[in-house]
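Novice: Just a sequence and a predicted model for now, questions to come.
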Amino acid sequence: MKIAFYHRSVCGGIKTHVDALSYEFKRLGHEVKDIDQYSLGSYMLGNPSGGISYGFDFGFSLKKIKREVEDCDILHIHHAATSSEFFLPFSSICSELNIVNTFHIAAGDSLSGELAKALIGALASLYAGRSKKFISVSEEIAADIRRYTQGWGYGDNGNGTETVVIPNGVDINRFYPRAQEQENDKGVCIGYLGRLSPEKNVINMIKAVKALESDKIRLKIAGDGPLYDKIKKKEGEKIEVLGYVEDAPAFYRSLDVFLLPSKLEAQPIALLEAMASGLPIITTDVGDNKYFVHGNGILCGTTAKEIGAAIKEMLNEDMAKMGIESRKIVERDYTWDKIAKRTLDVYKSVV
């Protein structure tokens, strides 16, 4: 099968997802080609090396896409891609090719979350009836897509676009638990790895840790983004801000607990990486996070007080047992070979 991915190649969840699928598909003998902001000559607004950014294309970009996909069986669009994604539904590409859309866009109850939902609604409405299948990495976002496209019909009636949920995956050979002899004896080390931007709610996480009376709690923060300088200034006896880390698996293995304090998520890959690394998790109840807490962690709210309460609760739990359960969950359901197979099943259903 010949598959074209149209996506935004920026360090983060979408790129990780596309790269992993490409590897698995090629390993199975399929041909894969990439169409991204570089091949389209897009003008990038925001931070093109990572974080929040978007590519604006010129008028000839649709012609480039059409030329790239003319010999393909599937055009798989990963949203948000570049501005051509808004014009492609009106081109002849939709009638000439099997199109599948994956929605990676995070959403939540904040203003940013409502704007994200509006973007999802616009894209889903544009492609409804034109694409062969919608994929959402998130159960929550899938429900929004179905609501936005209600009236187009579903199933095999020829008028609608069915929505299925296929989550992100994780490389369990790269992310694995630390050896028992490496167990941390310097108290409890909590860690976060991700973008340092407002929707990630890192400031409230820092406030929560600083408010704890225990001197055995340490917090390690890895990642870069627009709030890096502000967060770096909050370093202290309990808080260590590392910036970008080259070796993410080693970072996870240096932790005792992973904490994801976000106000806005779809289905975060960092959560799966931490689970694959054998860590108990504390995560806010946004996006699909709640579907990944099954005897392996604690759900909490987004305020500093709620995050602090969850940390206190975690200290009284059997963290080793939770970490073992985290690893079992990803091994069972979230390896990239399983995610690739489910995606290929979607392709086969529309070709």
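Specialist: Thanks, I have it.
Novice: Could you report the neighbour count for Leu259?
Specialist: Leu259 sits with 29 neighbouring residues when counted by other CB atoms under 10 Å. The way it works is simple: take the backbone N, C-alpha and C, and place the C-beta from them, glycine included.
Novice: Just give the closest residue to it, not the sequence neighbours.
Specialist: Using CB to CB, 6 or more residues apart in numbering and skipping residues adjacent in sequence, the residue nearest Leu259 is Ile282, 4.6 Å away.
Novice: What's the local residue count around the one you found?
Specialist: Neighbourhood size, Ile282 [other CB under 10 Å]: 24.
Novice: Let me see the contact set for it.
Specialist: The contact partners of Ile282, taken as CB atoms under 8 Å, 6 or more residues apart in numbering, are 190, 257-260, 297-298, 300, 307, 310-311, 314.
Novice: And for Ile190?
Specialist: 209, 217-220, 255-259, 282, 311.
Novice: Let me know the closest of the contacts of Ile282 to Tyr176.
Specialist: Distances from Tyr176 to the contacts of Ile282, taken as CB to CB, are shortest for Phe258 (14.2 Å).
Novice: Contacts only, for that closest one.
Specialist: Counting by CB under 8 Å, 6+ apart, Phe258 makes contact with 190-193, 252, 270-271, 274-275, 277, 279-282.
Novice: So what sits opposite it in the bridge?
Specialist: Counting by DSSP bridges, Phe258 is bridged to Gly191, Ile281.
Novice: count of residues packed around Glu162?
Specialist: Number of residues near Glu162 (other CB under 10 Å) recorded here: 18.
Novice: Next one: it from Val350, what distance?
Specialist: 10 Å (CB to CB, to the nearest Å).
Novice: Residues in contact with both of these two, list them for me.
Specialist: With CB under 8 Å, 6+ apart as the test, Glu162 and Val350 both reach Lys133.
Novice: got CSV for the contacts of Ile282, with pLDDT and distance to Glu139 too?
Specialist: Formatted as CSV, those follow (pLDDT from 0 to 100; distance: CB to CB, whole Å):
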residue, pLDDT, distance to Glu139
Ile190, 98, 27
Val257, 98, 25
Phe258, 98, 21
Leu259, 98, 22
Leu260, 98, 17
Gly297, 98, 18
Ile298, 98, 20
Cys300, 97, 19
Ile307, 98, 23
Ala310, 98, 22
Ile311, 97, 27
Met314, 97, 25
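Novice: List just the nearest of the residues you listed to Thr335.
Specialist: For the contacts of Ile282, the nearest to Thr335 is Phe258 (18.7 Å; CB to CB).
Novice: So the closest residue to Asn289 other than its chain neighbours: helix, strand or coil?
Specialist: Nearest residue to Asn289, sequence neighbours excluded (CB to CB, 6+ apart): Thr283, at 4.4 Å. Classification of Thr283 using DSSP: H, G, I helix; E, B strand; the rest coil returns strand.
Novice: Tell me where the stretch 51-200 of the chain has helices.
Specialist: 61-69, 93-96, 111-127, 139-148 (DSSP state H, counting those that start in this stretch).
Novice: nearest to His104, of those helices?
Specialist: Once the helices of the stretch 51-200 of the chain are compared by CB to CB, helix 139-148 is nearest, at 8.6 Å.
Novice: ok, and what's touching stretch 54-67?
Specialist: Applying CB under 8 Å, 6+ apart, the contact partners of stretch 54-67 are 6, 8, 35, 37, 39-46, 75, 80-84, 87-88, 91-93.
Novice: Just the buried ones among the residues you listed, please.
Specialist: 6, 8, 35, 37, 40, 42, 44, 75, 80-84, 88, 93 (16 or more other CB atoms under 10 Å).
Novice: and of those, the nearest to Glu265?
Specialist: Distances from Glu265 to the buried ones among the contacts of stretch 54-67, taken by CB to CB, are shortest for Ala80, at 15.0 Å.
Novice: follow-up on the earlier one: will you turn the contacts of Phe258 into CSV that also has distance to Val241?
Specialist: Compiled in CSV, these are given as follows (distance: CB to CB, whole Å):
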residue, distance to Val241
Ile190, 13
Gly191, 11
Tyr192, 10
Leu193, 12
Tyr252, 17
Ala270, 17
Leu271, 21
Ala274, 18
Met275, 24
Ser277, 20
Leu279, 20
Pro280, 22
Ile281, 21
Ile282, 19
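Novice: Of the contacts of Ile190 - the most surrounded one?
Specialist: The most crowded member of those, judged by other CB under 10 Å, is Leu259 (29 neighbours).
Novice: Could you pull up the contacting residues of it?
Specialist: Shown in contact with Leu259 (CB under 8 Å, 6+ apart): 190-192, 205, 219, 281-283, 307, 311.
Novice: swap the cut-off to 10 Å and go again
Specialist: By CB atoms under 10 Å, 6 or more residues apart in numbering, Leu259 lies in contact with 190-193, 202, 205, 208-209, 219, 221, 274, 279-284, 297-298, 300, 307, 310-311, 314.
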